Structures are given as structure tokens and as C-alpha cells.
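> Would you be able to build a 3D model of this:
(chains A, B and C, ligands or ions: 2)
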Amino acid sequence: METVIGLEVHAQLLTRSKMFCGCPTTFGAPPNSQTCPVCQGMPGVLPVVNRRAVELGIRAALAFDCRVNAACRFARKHYYYPDMPKNYQITQYEEPLAEDGHLEIEVDGASRTIGIQRLHLEEDVGKLLHEGTLETAQASLVDYNRSGVPLMETVSRPDLRSAEEAAAYLKAFRAVLVFLGVSNGNMEEGSLRCDANVSLRPRGSRELGTKVEIKNMNSFRSVKQALEFEVRRQAEALAAGERIVQETRLWDADRGYTRAMRSKEYAHDYRYFPEPDLVPLTIDRAWIEEIRAGLPELPRQRRARFVTQYGLPPYDAEILTQSRALAEYFEAAVREFPQPKVVSNWVMSELLRELGADDEQAIRSSPVTPARLAGLLVLIEDGTISGKIAKEVFEKMRRGGEDARAIVGREGLTQVADEAALGRVIDQVLARSPRAIEDYKRGKTAAAKALVGQVMKATGGKANPGIVNRLLEEKLSKI
Amino acid sequence: MTGTPIHELTEAYRRSESTPTAATEAFLARIARLDGELGAYLTVTREQALRAAADADARYRAGKPLGPLDGAPLVYKDVLCTRGVTTTCGSRMLEGFVPPYDATVIARLTAAGAVMLGKGNMDEFAMGSSTEHSAFKPTRNPWDLTRVPGGSSGGPAAAVAAGLAAGGLGTDTGGSIRQPAAFCGVVGLKPTYGRVSRYGLVAFGSSLDHIGPFARDVTDAALLLRAIAGADPRDATCLTAPVPDYAAALAPGVQGLRLGLPDEYFIEGMDAEVERTVRTAVDVLRGLGATVERISLPATPHALATYYVIAPAEASSNLARYDGVKYGLRVAGAKDLVEMSSRTRAVGFGAEVKRRIMLGTYVLSSGYYEAYYGRAQKVRTLVRRDFDAAFGRVDLIVAPMTPNVAFKHGEKEDPLSMYLNDVFAVPADMTGLPAISVPCGFSAEGLPIGLQFIGKALDEASVLRAAYAYEQATPWRARRPSPA
Amino acid sequence: MITREEVLHIARLARLELSDTELERMREQLNSILTYIDRLRALDVTGVEPTSHAVPLVNVMRDDEVVPPFPQDEMLRNAPDRVGEFFRVPRIIEG
Ligand SMILES: [Mg+2]
Ligand SMILES: [Zn+2]
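Ligands and ions are numbered 1, 2, ... in the order given. Model (predicted):
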């Protein structure tokens, strides 16, 4: 059997105010403290569209190569639920903001293109707290702070073939939104939510099987586990000759299974019609181009450019484009020290030793600025310090926030390249190492290495290893 | 004092012949004396009114009134949200609901110095043409207490007619300002859709809802419109065109104005007295120098049916929020949420509201949307095209306001026969065109008859100007009812 | 003709509890109104654009600016039932 999965992702747009009123979108405020008559759906109120939400939607649409529709409008979707104050949701139906895009995902090194059917804007609902679980609660409590928060809903085509692919899609999707500043993508806070449609069909069949909707997956792990469970459940049912029931199932993360929602709720009939309180939006070329011009390069495009422009291995490019901050760090450093692979090595090994590639905040505020890293690399390049010393200097820079040159100068870390001085040190070492000299003469090259080590030790690691090697060889050959 | 129009009242304040407090007290006294029988008010805001009047007194004493409405005692239909003052929409569902905000029109009139006397009775959620569908009490027609004042804004219309307010605000979704204005013998104006912000108007049919003034005369209607009209960032359907000084533009008369008289507004079954009176009024306009020509608005016979798809559909959606969760009524003892909401709505809504919710839900439901709602929106385009074509030839349309005079309480039991009462009113709501009803005579039984002018979009000035010319040439506004 | 079952279905969608007599009366009245509305079917509307707004406006939007929310207590004041800072509703699942 073949697994067929489509994902519906709701992402909270990074606006300051709500979709249709001026209330703040701050997370974690006291219940019902971030509301007004509009987002509580009081009698007499009217919605007014937040322009920024539309622009963020277009931004995302362009990133997913969607067709942004020249005209779109809002509609009312009706169903009763106490977290939705008007008992209809203002959303987009027949004329969404954008359609027909795609997103590239990578699973096991192979990349696949997943279609995006539509992208539209809508308002979020409030939050319900149950006294116990939804099923057992005798009463529930409603907080409308989230009501009216702007959401972007994106519906993928049923192109995903495994739970792993679904998780990869969600990760890639989130990365794009976060990278573009469209959403903070925070799943714990509910800024990114995902529902899935899952069905199985005989391999080679073009028809879709009966689909089951899975809700309540609120982490990447849940998505993967829930879908794996559901695929297994359906496969076992089909193998046992059972029919799949079209239904909505909830993922129970604690128990690790999906279960059918228990509800006698009458079949939905959303009765969509154009929202009479809002006029249509027309989105002309000029507006789209203005937004496109403000679009940063996407991770995927940047990754490809890092390979072609800087000649980096794909592995390096992949890591360096994990976040906008890291990619910008790398490029800034390369501008000052134009040896991309050297910079890449230092970024990957030293900078990322203590901070995550996607920790934008930490990368931006690292005391080892791109300019300071470049300054350090110049000191290695001109022979002032050795690579080994440089790593120590990097550590000191990380802690103290000083220039490499200042640290090297103050702590006398300059590599000793004075041949006369080194010669004296070598003479002292040779004078107390008669056995090593004998070993050397009997052809043990390892003995020479030991002698170099002793010289380095005697100079506190500051000796230029090239010069030490040459001088030692000269002196040994004369003995 | 309770019989004079606002512009005369405020003129008297200016000349120190009266004060806002004196006028407000006179109106409050009259309300106390007569409203028990009339039923025009749902709430009387006595203390608030006296406070506002005292503030206005001070401004007049200082020689700094806010404008031509400062100290004007007004009644507001109870569908307009008033901060801190119960707003019920004539429904048990919202009994005791106190909005935390003012409708834009209320805020604007308050800023202009108007004094709110109270909240006017209405058909529940503005659904009806008789104010018999108020959940609290019926309003009576001051010309004949056995008859209805029209609706749904029957309370404010009756209050203004009976001298229980100097003017007021109503709403018009399918004739609800103009029809009661005609029945009560006052001026009622429905502006262009979008001319006046709907923010704070409890929605019935959002694409059809309009707010407009009730007034003793056309001058007052012009003053009130100017105060409430204009852009509002809280209403995305509100127009930003500048607001003219309507009162200043009333004088020129109808000389040379081209009036269209639509054939479709004289129908079979219409009251002969009404038809005769309206035709006489048209002759008066001709005598004043207007040219009158017959025109045709062929989609008119379909307008009412279209209205009874669109308005209930939007209403079913707008009224979904009354579920006992956030405000208003909640029945006790329900075992779960669905039962609580279904019972609350069963108890909280009256028969007419339920009927429209059911009808609206039906026409939007799966499988019927295209046949009803989709089709109605297209017929709405046809209705609009008729008017576009007519306005290529004429400046204004003149027509009867209603097919009959005010009927008796309980006379129209059958919903459909009630609906037919608004047949001449509905097209202006569907097209959003400005329209006014101005008194044009009385039936043999002494009941008022209304003359309607419909204008081009945003051309309230011409509508008011024609109504003014007619009003000034005729004696009707001098006649007042004497209830009790 | 709208059937009793349809009326029941619509009443459920509209969250209206109807008594048996109300249901029957509603059926009759809806049928009478729908018969009147059915005159629209005779009209040819092919190629006619629907009108959903009486105003020819597009792109009315607001800037993304925060307006201070209403005081919590003011927004909870009309609640038929509340617990502390929350609105309270009876159990959501039927049963
Ligand atoms: Mg959605
Ligand atoms: Zn709000």
C-alpha cells in the first residue's frame, strides 16, 4: 500500500496587532485581557483588515512560488463552537490570497517537490480550558485573547508519502516562514499548528483512499509519531478486511495513539458566503513586486549560491544556511578574509562549538564578530601565530570580546621566527637528549618528531613549526 | 417646545429664549406622560440627558455652542450601541446587555452636543414593519393608537411624530426608516450605503443595513445627516467622500430638475387614496418647475423576493453569535453546550427572528446556495442596472413610499403580507441609493402618507433639496398628532 | 417543498430548538415564503455578475498598529457565567 498524506498548516503571522482589530497579539497575557468588542464578536462591531497580515501572506506566497491572485476576498465560515465568538470565522474560501505553489523537501539525501494547493488568510479562535479533558469536563473556560490573531493557512497537495516526509515538509515550511519573518513558527505557543489528511491506496492506484483527518499534533515529534501510528492503524485495518471510516481523529501524545473524536455533533455545513463587512482586495503587480524586492534570499537559493559562488562543499553550504544570521555572519567574514573554505572551517568548528546554527540571537551577539574572526585568520595567514595558538586566541575572543591582535600582543603569543633564538633553544634541547639523537641516527624518524615537540614545549608553543623542522634537520645532519 | 424642529429649538437656545435643560425637561415630562400608552421608548436615560443638557446650557451661556445640534434632544433606535446604556435590539436575547462602546453615529452626535433622551423601541433585531415584533411591547401610531407606527424603527418614528423627541436615528435594511416615517408623518432619510458608518449598529443584513435620521422637517434631516456622515476607519465599507453642508444646499428648489416616475411603483392592490395623494404631490412638484417623466424599473417586481433571500441569509450569520456564551440571555439547567445554546436561542428569539434565521440558514445551506443566494446576488445586479439606466435620463426618482397607510395592530398575521408592505422601500436598500420619505398628505381617516425620492449614489443633496422644495410648498408639516 | 426533516436539519444548523407545533408552523411559513421567492427562478441571470456590496470599494485596510485593548473587567461584564478571568460554558460534548 502507498501512504498519501496532505498537510494543512496554520501559522500565526508576525504582526503586532490582530487580523481585524488593534488588539495586541502578545502571548501569555492574563485571560481576556487582550480583547476588544471586535475580537469578542460583540453586537455591532465590524472587522478591518490588517495590511501587514496581507503583506506577510504575499511574502510567504512568493517564497512558495504561489500565484498571488489579482483579486481575493474574505468569506464567513459558519459552525458553532464557544471559542469562536461570532460563531463564524472570517476566512477565505473561493478566492484565496494565493494558489499553486510548492516546497522542496529533503529526506535521506533525496529531494522532492511537494505541491501547495492554496494559501489563505483567516482569524484564529480563542482558547478553551477544560476542567479535566474535553470529554470529562463538566464545564469549560474561555479565553478570547487569541481570538482574531492573524493566521495563514496553507494546504499542501496530497504529495507526501510517509510520516517522515510529512515531518520534513513541516520543518522546511517552518524554516521558510521563520527565515522570512512571516511567523515565529513556535509550536509550543501554537504559532504553528498542523492537521493532516491520511489515506492509503494500492501502489500504482491514482484514486485516493478514504481519508482520515488527524488533529492535535503540536510538535514535530507528534507529527511523525501520530502519522506513523495512523498509517500503521489503517494498514492493519485494511489488511484485516475492514473499511476505513472518514472521520477526524485526535493524536493523544501521552498514550501514543490516535482516537476518533467522540461527538454527536451534526454534520458540518459551513454555509460560506462573501463577508459583507469587508470589501475585496485587489493585488496589483506593483504591490507584489514591492514585496518581492524586500524578500531576503531563501535558504535553498542561498545554499546553492554558497556552493557556486564560494566553491564550498554542499555539506558546508547546508550548515552555513541554517539561519539567516549564520549565513550573514559567514558572508561578512568572507568579505574581510576572502578564503571561503578557511572561513567555513572556522565557523563550523569554532563558532558553532558553543552555539546552535539556528540560534540567530546568539550568532548576532557573539563577541567574535565576523570582522574579529577575519582578523584572527589574517594573523595565521601572515605567520604571526600558529593554527593551534589561533584556537586559543579564538577562545579568549569569545570570552573577552577583544581583537585577536590585541590578545596576541598582550599575551606574547607571537610565533617565534627568529632563527638565532630558535637555534639556541634547539641546541639546549639536543644537549639534553643524547638518546633521541642516537635513535635518530639509527633511522627512527619518530625521534625527530619528539625533538620538535620538545622545542615547541620549550617555546610555549610559539615557535614556527616550519622553521623548527628545518633548523633541527640541519643541526642533526651535522652531528 | 416639544413640537418645534431642532433648528428652531437651537435657534431659541442661541437667542436665550430657551435652554437645552428646559427643552430636555419638557421632552422628559412628555415622555413620562404619554409614553406609557405610545410605547416608543425601551429605555429613558433621564439623568444622562439632564447632565448632557446642563453641559449644553453652559456652552450656550458662554456663547460657544458646538453647532446646530448642540442641546438637541434625540431618540436612538435600540439597535445602536450606547456605552453604558442597555442596548437590546428589542430582543429578550439582549435584555440587560450593556455595550462597552458607542456606535460611531452616537459618538458623533454626542460630540455635536446632542442630548440622548433614550433608546427607541423596534421590531426585534430590526425584523419587521410594524414594531409589533418587539419582545417588550408594541409601539402605537400617535395618529391612531389602534394602528402600527410601521417598523422596524417604529419607536423613534412615533417618538418624533408625537413630540417625545426632537429628532432621532433609525436604521433601514428593507425600509425600516422610511416606512415608519411615512406611517407616522415625519421625515425619514436613508443615506447612500457607506455614507454613514455602521460601526456599533447591531447587524441584521450587513450589506443592506443603513443608519439615518428621523426629523420633523427636511432641514433637521440635513443637519442630522451631516453630523453622522463621513469616513470611519472602523467600517471598511464606509465611504471617504467629503460630506457637504446639506442644509446650506436646500434652497435652490426643483426648477429644471428631471424627476422620473416609475411605472412599477403603482401596483395592483395598492391603496387608491395613497396613489391619488402621491400623484397630486407629483403635480405639485411639476408646478414648482420640475419636469416629470414616466420611467420603467423592470426588475422591481423581483426586488422584494431578492431581499427575502439576501437579508435573512446575512441575518442568520449575524445572529449566530447570540448563543448564551458571552453576553445576553442564557437559559439555566441545560445539560450541555448544544442544549444550552439551542434553548437559549429558542427562548431568546421571537417568531419572526426565528423564521428569518431558518430561511437564511436554508438558502445558504449546501445544495441551495446557488439556487437562492447566488441567484439573488445576480438579481440584485439587475435591480442596480435599472437604476443606473434611469439615472442616465433623470436626476431623481419620485415614488410612493408605501402601498398603504398604517394598518391596525394584528392585521397582518401572515408574514408574507407584512413583507409586501416594503415593496417600494427595498430597491433603495438593495442598491444602496439614498432615499427619503417626506409627508405628502393624509388619508380620509387622517393617517399620514409618504412621498419617496430616490437619488443617485452620494447625491443626498438632491434628495434633500427636492424634499425640501415640496415640504416648503405644502402645509403637511404643520399638522401634528395629539395622542392622549 | 421543504420537508419536516429539512426543517429539522436547518434548525439544528441554526441551533434552534423547535417544539413540534413550531416545527410544523415553520414548515408551512417557509414554504409560503419560498414559493414567493421562487419567482426569481424565472429570471435569466446568465452572465450577470453577482453584487455582494453596494459600494465599489476595494483594498480598505488598516495599518498594523496596536490599540490598547479594553479593560478585562469591561469585556467580562456581560458574561452570563464567569469564573475569575474566564467565560464559563457548560460541558461541550453532548451527553
Ligand atoms: Mg482554516
Ligand atoms: Zn480586539
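> Low-confidence bits of the stretch 101-250 of chain B, can you list those?
Along the stretch 101-250 of chain B, no part satisfies pLDDT under 70.
> What pLDDT is listed against the closest residue to residue A:447 other than its chain neighbours?
Leaving aside its sequence neighbours, residue A:447 sits nearest to residue A:439 (C-beta to C-beta, 6 or more residues apart in numbering or on different chains; 3.8 Å). Just so you know, the C-beta spots here come from the backbone N, C-alpha and C atoms, and that holds for glycine as well. pLDDT recorded at residue A:439 is 85.
> Name the helix or strand for residue A:439, please.
Assessed by DSSP states H and E, residue A:439 sits inside helix A:434-441.
> got the buried residues for that helix?
Of all the residues in helix A:434-441, those buried under the rule 16 or more other C-beta atoms under 10 Å in any protein chain shown are A:436, A:437, A:439, A:440.
> What average pLDDT does the helix or strand hosting residue A:329 get?
If you go by DSSP H and E, residue A:329 is part of helix A:324-336. Averaged over helix A:324-336, pLDDT sits at 95.
> can you list contacts of the next helix or strand after it?
Per DSSP H and E, the first helix or strand lying C-terminal to helix A:324-336 is helix A:340-346. Residues outside helix A:340-346 that contact it (C-beta atoms under 8 Å, 6 or more residues apart in numbering or on different chains) are A:310-312, A:316, A:320, A:330, A:333-334, A:337, A:373-374, A:376-377, A:394.
> pLDDT (mean, whole number) over helix A:340-346?
pLDDT averaged over helix A:340-346 gives 96.
> now that helix, how far from the chain's geometric center?
With C-alpha atoms, centre = their mean, to the nearest Å as the basis, helix A:340-346 stands 22 Å off its chain's centre.
> Go ahead and name everything in contact with the next helix or strand after that helix.
Going down the chain from helix A:340-346, the next helix or strand is helix A:352-354, by DSSP H and E. Residues outside helix A:352-354 that contact it (C-beta under 8 Å, 6+ apart) are A:319, A:326, A:398.
> Got phi/psi on residue B:222?
Here is the backbone geometry of residue B:222 (degrees, to the nearest 10): phi -60, psi -40.
> where do the strands sit along the stretch 351-484 of chain B?
Per DSSP state E, counting those that start in this stretch, the stretch 351-484 of chain B carries strands over the ranges B:396-400, B:435-442, B:448-455.
> who wins for proximity to chain A among those strands?
If you check each of the strands of the stretch 351-484 of chain B against chain A by C-beta to the nearest C-beta, strand B:435-442 wins as the nearest, at 20.0 Å.
> got the contact list for that closest one?
Taking C-beta under 8 Å, 6+ apart as the rule, strand B:435-442 contacts B:177-179, B:181-182, B:185-190, B:218, B:221, B:277-278, B:280-281, B:401, B:425, B:428, B:448-455, B:463-464, B:467, B:470-471, B:474, B:476-477, B:479.
> Would you list the phi and psi of residue 176?
Answering for chain A, as no chain was given. Dihedral angles (degrees, to the nearest 10) for residue A:176: phi -60, psi -50.
> switch to chain B, that's the one I care about
Per degrees, to the nearest 10, the backbone of residue B:176 is at phi -70, psi -10.
> how about the nearest residue to it, chain neighbours excluded?
Residue B:176's closest residue in space is residue B:152 (C-beta to C-beta, 6+ apart), at 4.2 Å.
> What is the neighbour count of residue B:260?
22 (other C-beta atoms under 10 Å in any protein chain shown).
> Can you list the neighbours in contact with the helix or strand just after the helix holding residue A:439?
Counting by DSSP H and E, the element after helix A:434-441 in chain order, helix or strand, is helix A:446-458. If you take C-beta under 8 Å, 6+ apart as the criterion, helix A:446-458 is touched by A:422, A:425-426, A:428-430, A:433, A:436-437, A:439-440, A:463, A:465, A:468-469, A:472-473, A:476.
> Quick one: buried ones out of the residues you listed?
By the neighbour-count criterion of 16+ other C-beta under 10 Å, the contacts of helix A:446-458 include these buried positions: A:422, A:425-426, A:429-430, A:433, A:436-437, A:439-440, A:463, A:468, A:472, A:476.
> Check the residues you listed one by one and keep those near ligand 2.
By C-beta under 5 Å from the ion, no member of those lies near ligand 2.
> any idea how far the residue in the stretch 301-450 of chain B that chain C sits nearest to is from residue B:210?
Residue nearest to chain C within the stretch 301-450 of chain B (C-beta to the nearest C-beta): residue B:432, separated by 2.8 Å. Per C-beta to C-beta, to the nearest Å, residue B:432 is found 8 Å from residue B:210.
> and for these two, which residues touch both?
The contact lists of residue B:432 and residue B:210 share residue B:193, where a contact means C-beta under 8 Å, 6+ apart.
> Can you pull up the most central residue in the chain?
This is for chain A. residue A:175 (3.8 Å; C-alpha atoms, centre = their mean).
> Hmm, no, I was thinking of chain C.
Taking C-alpha atoms, centre = their mean, chain C has its central residue at residue C:14, 6.8 Å away.
> Skipping its backbone neighbours, what lies nearest that one in space?
Per C-beta to C-beta, 6+ apart, closest to residue C:14 is residue B:361, 4.4 Å.
> Likewise for residue A:51?
Spatial nearest neighbour of residue A:51, chain neighbours left out: residue C:61 (4.0 Å); criterion: C-beta to C-beta, 6+ apart.
> try residue B:120
residue B:155 (3.2 Å).
> now that neighbour, what's its secondary structure?
Three-state assignment for residue B:155 (DSSP: H, G, I helix; E, B strand; the rest coil): helix.
> burial count for it?
38.
> what's near enough to touch it?
Residues near residue B:155 by C-beta under 8 Å, 6+ apart: B:39-42, B:75, B:77-78, B:119-122, B:131, B:134, B:139, B:149.
> For the longest helix seen in chain C, buried residues please.
Identified as the longest helix of chain C according to DSSP state H is helix C:20-37. Across helix C:20-37, burial judged by 16+ other C-beta under 10 Å covers C:22, C:26, C:27, C:29, C:30, C:33, C:34, C:36, C:37.
> Same check on stretch B:175-192?
Per 16+ other C-beta under 10 Å, stretch B:175-192 contains these buried residues: B:175-192.
> what about it, start to end distance?
One end of stretch B:175-192 to the other measures 13 Å (C-alpha to C-alpha, to the nearest Å).
> what about that stretch, distance to the chain center?
The answer for stretch B:175-192 is 5 Å, by C-alpha atoms, centre = their mean.
> Next: stretch B:436-443.
15 Å.
> Same check on stretch B:378-394?
Offset of stretch B:378-394 from its chain centre (C-alpha atoms, centre = their mean): 23 Å.
> could you check whether that stretch is close to chain C?
Yes - Stretch B:378-394 lies within reach of chain C by C-beta under 8 Å from any C-beta of the partner chain, at B:378, B:379, B:380, B:381, B:382, B:384.
> Would you mind giving the domain segments of chain A?
As assigned by automatic domain parsing, chain A contains the domains A:2-288, A:307-411, A:419-478.
> winner for burial among those?
Most buried of the domains of chain A, by mean neighbour count (mean count of other C-beta atoms under 10 Å in any protein chain shown): domain A:2-288, with a mean of 19.
> how far does it stretch from start to finish?
Its first and final residues considered, domain A:2-288 spans 39 Å by C-alpha to C-alpha.
> average pLDDT for it?
94.
> Quick check: the gap between the residue found closest to residue A:18 once you drop the neighbours it is linked to in the chain and residue A:74.
If the residues on either side of it in the chain are set aside, residue A:18 comes closest to residue A:148, at 4.1 Å by C-beta to C-beta, 6+ apart. The gap separating residue A:148 from residue A:74 is 13 Å, by C-beta to C-beta.
> now residue B:391
Using C-beta to C-beta, we find residue B:391 at a distance of 31 Å from residue A:74.
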